[in-house]
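> predicted model, plus sequence, below.
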Amino acid sequence: MTSVEPKSVKILTIDDEPGIRETFRDFLEDLDYEVIEGENGRHGLEIFKKELPDLVLLDLRMPEIDGLEVLAKLKEESPNTPIIIVSGTGVIGDAIRALNLGAWDYILKPVVDLGVLRHSVEKVLDRARLIQENLAYQENLEEQVSKRTAQLHQANAEINDLNKQLEARVAQRTIELTAANKELESFAYTVSHDLRAPLRAINNFTKIIIDEYTDKLDSEGQLYLQYLLEGSKEMNSLIDGLLTLSRSSRGEINSEDVDISKIVVDILKAKTTLEPTRNIIYTVMPDISGRCDSRLIKTMLENLIGNAWKYTRETANSHIDFGVKQENGQDIYFVKDNGAGFDMAYVDKLFKPFQRLHQVTEFEGTGIGLATVQRIIHRHGGKIWAESEVDKGATFYFTLATDS
Ligand SMILES: Nc1ncnc2c1ncn2[C@@H]1O[C@H](COP(=O)(O)OP(=O)(O)OP(=O)(O)O)[C@@H](O)[C@H]1O
Ligand SMILES: [Mg+2]
């Protein structure tokens, strides 16, 4: 603990006995303190206001104003100035009262051992210094806190700015990306569309050659023409698929309440009419509805049901089920079959264009149907996934909006 330098300390001694004042002054000045004097309570108060001492030695028994009253006034004037009561043994009760009123210490008169005075003065000054330091520390702390708070506000404002910039950049990128996507879509659309006419010509002329020039060709030549015809047919379905895919990505989504069960039943009925020999048992949960674009949902379901229909072709007692279940408050629609199924190891390929998990010799197809299905579901803000096991059928699940 560093003690207070006496030279810088001004002590006021208030006592009506000049002898005591003198003793104190001599003693304290010897210790290098600056000493000023108050001859009585009233005078002491005047000097106090004028000189603002660092410490007061206060007698309790004085004429005019009583020491306790002086103490109260001093406290009022400067609550943090240390006051030591100098009291006669007869007024010890007053000394205790003075301590309660805020005096810092007391010493008894007559002060036979001035070492007691010195000890009390040093003790009180040390305490005052500690209090002062503590106050300064508190102030500094508050200053630091408000500085930090300001820095934090500043940092927050910067983060907000950065976020805004980021949002603006994301928005800009999204606009650019949407434009690029649109361009790509219309390019894909135009290309597939424009490919149709020359393909039709190839197809037609091949047919004419087959119809009118067969006798001029040997059997090998005729076989090649058959291959040509099949190739152009395959290309035609590829173009069809591409056009459907790109149509599914274009245009607005017209959301409305759609009777999905009805669409499923219509598709299955149409398929049965086209292939009456297929003996398929189907179960469609009635009255399933959802908010979606009816045209796109129809295309999507045509693909899912088309697959279920196709991949149950080799299965005895084929079943196709359509329904909905609830999970975490969300509608999960499903199309389930008991057909050929597929190996879940390749599930990642399922929704990619032109990726197939079956050979064309087993099941015909171009591998674009599920890409279209996924595109439509995503445009509705939904999800699609599948579960399957080879020879045990496949179930395709989809949602229409990511509510949860
Ligand atoms: N219900 C299903 N059961 C078993 N495998 C399926 C089923 N649905 C899809 N698949 C597998 O996923 C692949 C991709 O399906 P997708 O519908 O995209 O193509 P595709 O049916 O082969 O051809 P298309 O473009 O004519 O629809 C299929 O080739 C098939 O291997
Ligand atoms: Mg398909």
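Good, I have the coordinates. Numbering: from 1, shown residues only. Ligands and ions are numbered 1, 2, ... in the order given.
> and the helices in this protein, which stretches?
Along the chain, counting by DSSP state H, helices occupy 18-30, 41-51, 67-77, 92-101, 114-212, 219-249, 260-274, 294-310, 369-379.
> what angle separates the lowest-mean-pLDDT helix or strand in the chain from helix 67-77?
Using mean pLDDT, DSSP states H and E, helix 92-101 stands out as the lowest-scoring helix or strand of the chain, at a mean of 86. Using axes from the mean of the first three to the mean of the last three Cα atoms, to 10 degrees, the direction of helix 92-101 lies 10 degrees away from that of helix 67-77.
> quick check: buried residues in helix 92-101?
With burial defined by 16 or more other Cβ atoms under 10 Å, the residues of helix 92-101 counted as buried are Asp94, Ala95, Ala98, Leu101. From N, CA and C alone the C-beta is placed, and that goes for glycine too.
> any idea of the mean pLDDT in stretch 28-42?
Across stretch 28-42, pLDDT averages out at 95.
> alpha carbons of that stretch, as PDB, please.
Once non-C-alpha atoms are left out, stretch 28-42 reads as follows in PDB (Å, rounded to 0.1, in the frame of the first residue of the first chain):
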ATOM      1  CA  LEU A  28       1.600  17.300  12.300                       C
ATOM      2  CA  GLU A  29       3.700  20.000  10.700                       C
ATOM      3  CA  ASP A  30       6.700  18.100  11.900                       C
ATOM      4  CA  LEU A  31       5.300  15.200   9.900                       C
ATOM      5  CA  ASP A  32       5.200  17.600   6.900                       C
ATOM      6  CA  TYR A  33       1.400  18.000   6.800                       C
ATOM      7  CA  GLU A  34       0.000  21.400   6.000                       C
ATOM      8  CA  VAL A  35      -2.200  22.400   9.000                       C
ATOM      9  CA  ILE A  36      -4.900  25.000   9.200                       C
ATOM     10  CA  GLU A  37      -7.000  25.800  12.200                       C
ATOM     11  CA  GLY A  38     -10.600  26.400  13.100                       C
ATOM     12  CA  GLU A  39     -11.100  28.100  16.500                       C
ATOM     13  CA  ASN A  40     -14.600  26.800  17.000                       C
ATOM     14  CA  GLY A  41     -17.400  25.100  15.100                       C
ATOM     15  CA  ARG A  42     -18.600  28.100  13.100                       C
END
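> what's the first-to-last distance across stretch 63-71?
Taking Cα to Cα, to the nearest Å, the span from the opening residue of stretch 63-71 to its closing residue is 14 Å.
> where does the stretch 1-150 of the chain have low pLDDT?
Judged against pLDDT under 70, the low-scoring parts of the stretch 1-150 of the chain cover residues 1-5, 7, 89-90.
> do that again at 90, thanks
When the per-residue scores of the stretch 1-150 of the chain are filtered using pLDDT under 90, the ranges that remain are 1-8, 60-66, 87-97, 108-112, 132, 135.
> in it, which residue sits nearest ligand 2?
Across the stretch 1-150 of the chain, no residue is closer to ligand 2 than Thr149, which sits at 62.6 Å (Cβ to the ion).
> quick check: residues of the protein near ligand 2?
By the criterion of Cβ under 5 Å from the ion, the positions of the chain lying close to ligand 2 are Asn307, Gly369.
> at 8 Å what do you get?
With Cβ under 8 Å from the ion as the criterion, the chain comes near ligand 2 at residues Asn303, Gly306, Asn307, Lys310, Gly365, Thr366, Gly367, Ile368, Gly369, Leu370.
> which ones are touching the nearest residue to the first one once chain neighbours are set aside?
Read that as Asn303. By the measure of Cβ to Cβ, 6 or more residues apart in numbering, the closest residue to Asn303 outside its immediate chain neighbours is Gly369, 4.0 Å from it. Shown here is Gly369, whose contacts under the criterion Cβ atoms under 8 Å, 6 or more residues apart in numbering are Gly241, Asn303, Gly306, Asn307.
> what's the burial count for the first one?
By the measure other Cβ atoms under 10 Å, the count of residues near Gly241 is 21.
> wait, isn't it in contact with Thr366?
Yes: with contacts counted by Cβ atoms under 8 Å, Gly241 reaches Thr366, the gap being 4.8 Å.
> give me the pLDDT for the closest residue to Ile267 other than its chain neighbours.
If you skip the residues right next to it in sequence, Ile267 has Ile305 as its closest partner in space, 5.0 Å away by Cβ to Cβ, 6+ apart. In this model, Ile305 is scored at 98, pLDDT.
> for Arg97, which non-adjacent residue is spatially closest?
Skipping the residues right next to it in sequence, Arg97 comes nearest to Leu68 by Cβ to Cβ, 6+ apart, at 6.4 Å.
> reformat the buried residues of helix 92-101 as JSON lines; add distance to ligand 1.
Output for these, formatted as JSON lines (distance: Cβ to the nearest ligand atom, whole Å):
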{"residue": "Asp94", "distance to ligand 1": "103"}
{"residue": "Ala95", "distance to ligand 1": "101"}
{"residue": "Ala98", "distance to ligand 1": "98"}
{"residue": "Leu101", "distance to ligand 1": "94"}
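> dump these into CSV; add distance to Ser87 as well.
CSV is the format used below for the buried residues of helix 92-101 (distance: Cβ to Cβ, whole Å):
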residue, distance to Ser87
Asp94, 6
Ala95, 4
Ala98, 7
Leu101, 13
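> any idea which of these is closest to Arg118?
For Arg118, the closest of the buried residues of helix 92-101 turns out to be Ala95, at 19.1 Å, with distances computed as Cβ to Cβ.
> got the contact list for the closest one?
Leu60, Ile85, Ser87, Ala103, Tyr106.
> the residues you listed in strands, which ones?
When the contacts of Ala95 are checked against strands using DSSP state E, the ones located there are Ile85, Ser87, Tyr106.
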